[in-house]
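Student: Fold the following and give me the result.
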Amino acid sequence: SNLDVSTCAALTSLKCSNNRLASLDVSNCTALRDLSCRYNQLTFANLPRTLPVAGGQYLYAPQADIVIGSAGAILAGEEIDLSAQARVGEVDTVFSWYNSEGIEVTPTTASGGKFTFGGEFGGQTIYCRMTNSALPDLTLDTTDVFVELGPLQIVFIKPTAANDESNPANISSGSLVIARIDGDISAVSSVTISLDDGEKQQAVVAGGMVCHLLPAGLDDGGHTVTIELTMGDGTKISESVTFHWTSRRRGFGFGRFDFGNVDEP
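Tutor: Below is the predicted model of the structure:
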């Protein structure tokens with residue numbers, strides 16, 4: 001499963017295809033002209049980009065699928081970490097996700113080779129296909145995974161705890177609370193939302209998304225929004241986010257103006 005020939009400086013040819021290699025070290029093999037390492041478990045993260053000796057033969061594709069998930073499944077909202085494959089040297093990898101019908105799908109979140117699929121993907125089977133022009137002959141696939149709707153989760157999209165005093169939510173960024181409910185919501189009988197432990201109000205829910213307009217004239221400073229799910233059997237699930245609010249607009253080139261300091265004409 002691992003092969004290290006880094007001390008073989010005189011090595012000119014290496015054939016190690018059809019094994020279970022997850023790592024291959026040919027560093028310091030400055031005479032290597034021909035390398036065949038196909039049909040292993042090597043990836044963009046650990047394949048040599050080129051051979052030291054130009055004009056040789058380098059056969060590195062195909063490779064085995066990269067295993068993701070657990071027992072062929074992931075939970076909705078669970079992170080899939082493919083960040084190790086995100087770059088080959090200075091070249092970015094292209095990640096494309098597909099469902100079982102071969103239709104391309106867009107992950108709920110994607111950042112630096114890390115992905116999540118929310119409750120809207122529940123019951124679907126997905127996989128990822130990766131290409132990188134630094135190793136043009138190789139297309140890497142992941143194994144297929146089934147997206148399961150696990151325990152219900154409330155995920156705030158805006159505002160979030162990142163909206164602290166140095167980065168407050170404000171009029172410019174909108175006054176709409178948006179959250180996502182991951183999981184099977186068929187057992188949810190009601191969804192309420194409250195501000196600063198105030199009166200609970202029925203929330204608008206569409207497609208697993210919660211939207212609620214903050215009250216006009218909201219005081220500057222810290223506030224807490226709480227969303228509560230009530231199940232058919234009376235069980236309750238709640239999630240809160242504390243954020244900083246300012247009524248000032250930001251990024252428009254103007255702010256509040258004190259007309260009391262202006263002489264009358």
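
Student: Residue nearest the middle of the chain, spatially speaking?
Tutor: Nearest to the mean C-alpha position of the chain, counting by Cα atoms, centre = their mean, stands Phe115 at 2.7 Å.

Student: And that one, its phi and psi?
Tutor: The phi and psi values for Phe115, taken as degrees, to the nearest 10, are phi -140, psi 150.

Student: On the strand side of things, show who it bridges to.
Tutor: When bridges are called by DSSP bridges, Phe115 pairs up with Ile80, Ala110.

Student: what separates it from Thr230, distance-wise?
Tutor: Counting by Cβ to Cβ, to the nearest Å, the gap from Phe115 to Thr230 is 31 Å. Heads up, the C-betas are built off the backbone N, CA and C, glycines and all.

Student: Quick check, Ala11 in contact with Ala31.
Tutor: You called it Ala, but residue 11 is Leu. Yes: if you go by Cβ atoms under 8 Å, Leu11 and Ala31 touch, sitting 6.3 Å apart.

Student: okay, those two: which has more neighbours?
Tutor: The neighbour comparison of Leu11 against Ala31 (other Cβ atoms under 10 Å) goes to Leu11, with 19 against 12.

Student: Could you measure from that one over to Lys236?
Tutor: 66 Å.

Student: try Phe121
Tutor: Phe121 is 26 Å from Lys236, by Cβ to Cβ.

Student: same deal with Ser166?
Tutor: Distance, Ser166 to Lys236, by Cβ to Cβ: 34 Å.

Student: Tell me which of those two has more neighbours.
Tutor: Neighbour totals were compared for Ser166 and Lys236, and Lys236 leads with 10 against 7 (other Cβ under 10 Å).

Student: and the more buried one, bridged to which residues?
Tutor: Thr230.

Student: Check whether it really touches Thr226, as I assumed.
Tutor: No: Lys236 lies out of contact with Thr226 (Cβ under 8 Å); the separation is 11.0 Å.

Student: what number of residues lie near Pro215?
Tutor: Considering only other Cβ under 10 Å, Pro215 is surrounded by 10 other residues.

Student: just the one 5 residues further on next, same as before
Tutor: Residues within reach of Asp220, counting by other Cβ under 10 Å, total 12.

Student: pretty sure it contacts Ile171?
Tutor: No: the pair Asp220 / Ile171 is not scored as a contact, 11.0 Å apart, by Cβ under 8 Å.

Student: what do these two both touch?
Tutor: Here Asp220 and Ile171 have Ser247, Arg248 as joint contacts, going by Cβ atoms under 8 Å, 6 or more residues apart in numbering.

Student: Now do the closest residue in space to Asp144 that isn't next to it in sequence against Pro159, distance only.
Tutor: Of all residues not flanking Asp144 in the chain, Tyr127 sits nearest, at 4.8 Å (Cβ to Cβ, 6 or more residues apart in numbering). Tyr127 is 34 Å from Pro159, where distance means Cβ to Cβ.

Student: neighbour count winner among these two?
Tutor: Ranked by neighbour count (other Cβ under 10 Å), Tyr127 and Pro159 place Pro159 first, with 26 against 20.

Student: show me what contacts the more buried one?
Tutor: Ala169, Val177, Val225, Val241, Phe243, Trp245.

Student: Look at the third one and say how many residues are nearby.
Tutor: So the one you mean is Val225. 19.

Student: Over to the last one?
Tutor: Residues lying near Trp245 (other Cβ under 10 Å) number 20.

Student: Helix, strand, or coil at it?
Tutor: At Trp245 the chain is in strand, as set by DSSP: H, G, I helix; E, B strand; the rest coil.
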